[in-house]
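Colleague: What follows is a predicted protein model with its sequence.
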Amino acid sequence: MLNDLPHTLLAIAMLLIVVSAIQPLANRLMLSSTVLLAVVGVLLGGGATLVLNSPTVTAPLDEAALAVARFPVSAEVFLYIFLPLLVFHGALSIDVRRLARDWAPVLVMAVVAVVVTTAAIGYALAPLAGVPLTACLMLGAIVATTDPSAVVGIFHEIGANSRLTRLVEGESLLNDAAAISIFTILLSQLTGQHPMSFAAATLTFVSSFAGGLAVGFVLARAMLAALPFLGNNRTAEVTLTLALPYIAYLLCDEYLDFSGVVAAAAAGLTVSAVGPSTVRPQSWQYLQDVWGQLAFWASSLVFVMASMLVPRLMLGMQQWDLVLIGVVIASAMAARAAVLFGALPLLEWGRLAQRVPNPFKVTMLWGGLRGAITLALALSVTENRAVPREVQQFVAILATGYVLSTLLVNGTTLRFLVHALKLDRLSPADQALRNQVVAIGLGEVRDKLRGTAVELGFSAPATAHVVDLYDRRVKVETAANTFDTAIGDRDRVILGLITFASQERSLLAEMFQDQGLSRRVMENLLWNAESMIDGARSEGRFGYLQAARKRLQPSLRFHLAQALHRRFRIDTPLMHCMAERFEMLLLTHLVSRSMTRFMRRRMEPVLGHRVTEVVSDIVGRREDLLEDAMETLRIQYPGYAEALETRILRQVGLRLEAEEYSQLRHESLVGEELYDELVRGLELLRRQVARPLQFNIQAGLDKRIEEFPLFAGLQDALLHDLAMSVTIRFAVPGEWIYRRRQRAGSVFFISRGEVELQMEGLSLALSHGDVLGEAELLRPSRRRGRARATSFCHLLELDAGSFHRLLMEAPELAARLERISAARQPPPEPQPAPAQPEPVELGDEARRPA
């Protein structure tokens, strides 16, 4: 029996050998390896068929051909084994934040283009094919899927524009799901299993998409939440991610009637977005490497095995089928062009997306290659006994012919098209920056090389020859350098801000690598760094500062924790949020301070002194905001601030210690056994240092209350009761503490910060030790004014009931508050003087004395 397990494994092993040999051959022939794999698969399948039909073949060759021809591959193998893995890896490899900028064109190409292509091919074939319209539409859905592997491989090899690559990858993620969903609906219609109306089919399509997105996201977040419990075990983390796409895919496809492809893609995008801040950097790189290898094996085997089916699927082909294949090619190209050149400009006009240049559109039009998924869907039709025989043959021949045409024509010429459209070249600004950086870098290498040659005792002629080579390269790059004219000051400032934020992100990743950051803090800081990069890229310095200010704003989770603390006296969530905010602010401050040397040593030589000063000023303004927020917390909780700084400094020390041990091992001063022992000791210390600190939100509250002049002379018991009654509220600059006409339910004491009180045309600046909101509680009414924080504030809030009880216990406090409230009242408007009576003219009789 040729198709038993040993023979199948042997065949797979032989295919892997073929795959490994294809890679260097493809590089030498300047062809896509995917296209070459497809050609080899066709040759293997066609050769096996030819050998089996030849009467003069020896027995061993006949057995080998029989093994290839009867290789146990079916549509289920492609759709259930390979598809979830490939879709998940495609999503995992995408930069989600950058993809989000092009969400509109990606969705249009992934969904609208599939629908338009399905309709165009179906209605073009219906009058010519002699099969029902439903069958023609089903063929349109089958060939509407694009395969990005060949296209993206070419883009990476020749250095094509990164946005173009992102658009192609993003399109391919979801168009498989759209095409498979439409294919499933039309197949049910054709076989009469679940006929439905157009409205019902549309509802099924939308719910399938939405359900798949939700399931994939929820499962991915659950998996990421479980990773910390694996103890940073890289192999366990990778194993869990390997299970994720199959669980998402099969759960949706088999049990929930949602799109399994969308679920796998949503899971991959979620892991790609959140994974770097959840998984340690070494483990994340390991995960990426393992998934890259798995995807390489899967995609290579898929193309070879699917191509081996081509001779079987093309059996019974006639001359008229060539005409129909031509109709499919023309219809698909026209439909895709209509979407690219018709729908995408509408997105730009509606300000839903950035402009997609015409060279991008032409490349995407020509690069719409079809591959293994199309062949797998065609194979599933031939395996479905409910489909009429003539429809099976119609689908198999036309789908296979179209796939071959895109691979052999478009795939082999795409590289030359990209070259012709100059999409493999840097922009003038990038080219100028490249020349500037290379010239500076070569100059530094030359100087270091000269010193190294003297230190190691190289001969003068050899040193002069090599140094002269670098001198000439520096002169060439300097002569070609147009940095000063090609990039204006504004663009240099933006470049400097992006570089600064990117370096901050790298430093944070290094700290996370040494277990110096909690996962939630790391996730927030990385997203904030990305937000500042996006803000600088889109709106320059204004966008950068806006993103920096947003970083200092309390999150929704923090506001919810404050509400629980104020309303229900539930302190634990606020304690956790305060600890995370404290850590985030302190780490941001430390990283920003450590960037000074990088700015002077690296950025200034490239961008120039004047631009670096501007960037330094912008970063300084952000640092002022950060210092204000930090100082508010540090003064209120000095003990926790000191403990947190101590822990971070200890982690820095452990990192330096690890680097020293690594250097000693590299210099062979310590052996492997001793080095392993030292590393184990460091890991034990790291675990001890990484234990979370306990944050007490009420720490030092009694002392802070005693500092208020308002409470001077009150009994200790009353001060203690007051400390137990108040709640904590943090306000950021610009936040309204209360507004006019709002119901008055509490009074506020300013422990730290500044507040502007506006009432009846009067504006008062209040600060540490002042009280606000007391007037409306002394004489019950709605708020007559409004209060806004002008700096980061730490407020003590006392509810109305506790406030009145306090006044009953301390009448002298009520008198003080009455005086404060009266002093804040606007002065009465001066009353107009009473009118004086007009003098009366007296007659002579009146003037005459009696």
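Modeller: Great, that's in hand.

Colleague: ranges for the strands of the protein?
Modeller: Here the chain has its strands, by DSSP state E, at 727-731, 736-738, 746-752, 755-759, 762-766, 771-772, 785-789, 793-799.

Colleague: Need those in JSON lines (columns: mean pLDDT).
Modeller: Shown next, in JSON lines, are those (pLDDT from 0 to 100):
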{"stretch": "strand 727-731", "mean pLDDT": "86"}
{"stretch": "strand 736-738", "mean pLDDT": "91"}
{"stretch": "strand 746-752", "mean pLDDT": "91"}
{"stretch": "strand 755-759", "mean pLDDT": "89"}
{"stretch": "strand 762-766", "mean pLDDT": "88"}
{"stretch": "strand 771-772", "mean pLDDT": "92"}
{"stretch": "strand 785-789", "mean pLDDT": "91"}
{"stretch": "strand 793-799", "mean pLDDT": "89"}
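
Colleague: Export those strands to CSV and append columns for distance to residue 279 and mean neighbour count.
Modeller: Bear in mind the C-beta positions are built from the backbone N, C-alpha and C, glycine included. Output for the strands of the chain, formatted as CSV (distance: least, CB to CB, whole Å; neighbours: other CB atoms under 10 Å):
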stretch, distance to residue 279, mean neighbour count
strand 727-731, 31, 21
strand 736-738, 40, 18
strand 746-752, 38, 22
strand 755-759, 43, 18
strand 762-766, 47, 13
strand 771-772, 47, 22
strand 785-789, 38, 19
strand 793-799, 35, 21
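
Colleague: Can you add distance to residue 601 and give those back as JSON lines?
Modeller: Output for the strands of the chain, formatted as JSON lines (distance: least, CB to CB, whole Å):
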{"stretch": "strand 727-731", "distance to residue 601": "37"}
{"stretch": "strand 736-738", "distance to residue 601": "44"}
{"stretch": "strand 746-752", "distance to residue 601": "37"}
{"stretch": "strand 755-759", "distance to residue 601": "42"}
{"stretch": "strand 762-766", "distance to residue 601": "43"}
{"stretch": "strand 771-772", "distance to residue 601": "48"}
{"stretch": "strand 785-789", "distance to residue 601": "39"}
{"stretch": "strand 793-799", "distance to residue 601": "38"}
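
Colleague: Residue 302: which of those is closest?
Modeller: strand 727-731 (54.6 Å; CB to CB).

Colleague: Could you point out which residue ranges in the protein have low pLDDT?
Modeller: 1-4, 52-70, 149-150, 153, 157-160, 193-196, 429, 483-484, 513-517, 826-850 (pLDDT under 70).

Colleague: the helices in the stretch 201-350 of the chain, which residues?
Modeller: Along the stretch 201-350 of the chain, counting by DSSP state H, counting those that start in this stretch, helices occupy 234-250, 260-278, 281-308, 310-313, 319-338, 344-349.

Colleague: Ok, which of these comes nearest residue 106?
Modeller: helix 344-349 (10.5 Å).

Colleague: Next, the angle helix 260-278 makes with the longest helix seen in the chain.
Modeller: Ranked by residue count under DSSP state H, the longest helix found in the chain is helix 519-552. Per axes from the mean of the first three to the mean of the last three CA atoms, to 10 degrees, the angle that helix 519-552 makes with helix 260-278 is 80 degrees.

Colleague: let's number from 22 now, not from 1
Modeller: Happy to do that; since the first residue is 22 now, the last one works out to helix 540-573.

Colleague: and helix 540-573, how far from the chain's centre?
Modeller: On the basis of CA atoms, centre = their mean, to the nearest Å, helix 540-573 sits 13 Å off its chain's mean C-alpha point.

Colleague: Report all helices and strands that it contacts.
Modeller: helix 117-122, helix 281-299, helix 510-534, helix 593-615, helix 630-657 (3 or more CB pairs under 8 Å, 6 or more residues apart in numbering; DSSP states H and E).

Colleague: for the ones you listed, which one sits closest to residue 677?
Modeller: helix 510-534 (12.3 Å).

Colleague: Nearest to residue 99 among the helices of the stretch 222-371 of the chain would be which one?
Modeller: Closest among these, once you apply CB to CB, is helix 302-329, at 6.5 Å.

Colleague: re earlier: closest one to residue 325 among the strands of the chain?
Modeller: strand 748-752 (60.9 Å).

Colleague: Listing partners with orientation, what would you give for the closest one?
Modeller: strand 814-820 (antiparallel) (DSSP bridges).

Colleague: can you list the residues that contact the partner strand?
Modeller: 587, 653-654, 657, 722, 725-726, 743, 746-753, 758, 766-776, 827 (CB atoms under 8 Å, 6 or more residues apart in numbering).

Colleague: ok and it relative to helix 630-657, angle-wise?
Modeller: Using the same axes, to 10 degrees: strand 814-820 against helix 630-657 is 30 degrees.

Colleague: quick one, strand 814-820 and strand 806-810 angle?
Modeller: Using the same axes, to 10 degrees, strand 814-820 lies at 140 degrees relative to strand 806-810.

Colleague: between strand 814-820 and strand 783-787, what angle do the directions make?
Modeller: Using the same axes, to 10 degrees, strand 814-820 lies at 110 degrees relative to strand 783-787.

Colleague: Please name the nearest non-neighbouring residue to residue 297.
Modeller: Spatial nearest neighbour of residue 297, chain neighbours left out: residue 305 (5.6 Å); criterion: CB to CB, 6 or more residues apart in numbering.

Colleague: is it true that that neighbour touches residue 296?
Modeller: Yes. Residue 305 lies in contact with residue 296 (CB atoms under 8 Å); the separation is 6.2 Å.

Colleague: Can you pull the residues that touch both of those two?
Modeller: Joint contacts of residue 305 and residue 296 (CB under 8 Å, 6+ apart) do not exist.

Colleague: List the contacts of residue 96.
Modeller: Taking CB under 8 Å, 6+ apart, one finds 397, 398, 400, 401, 404 in contact with residue 96.
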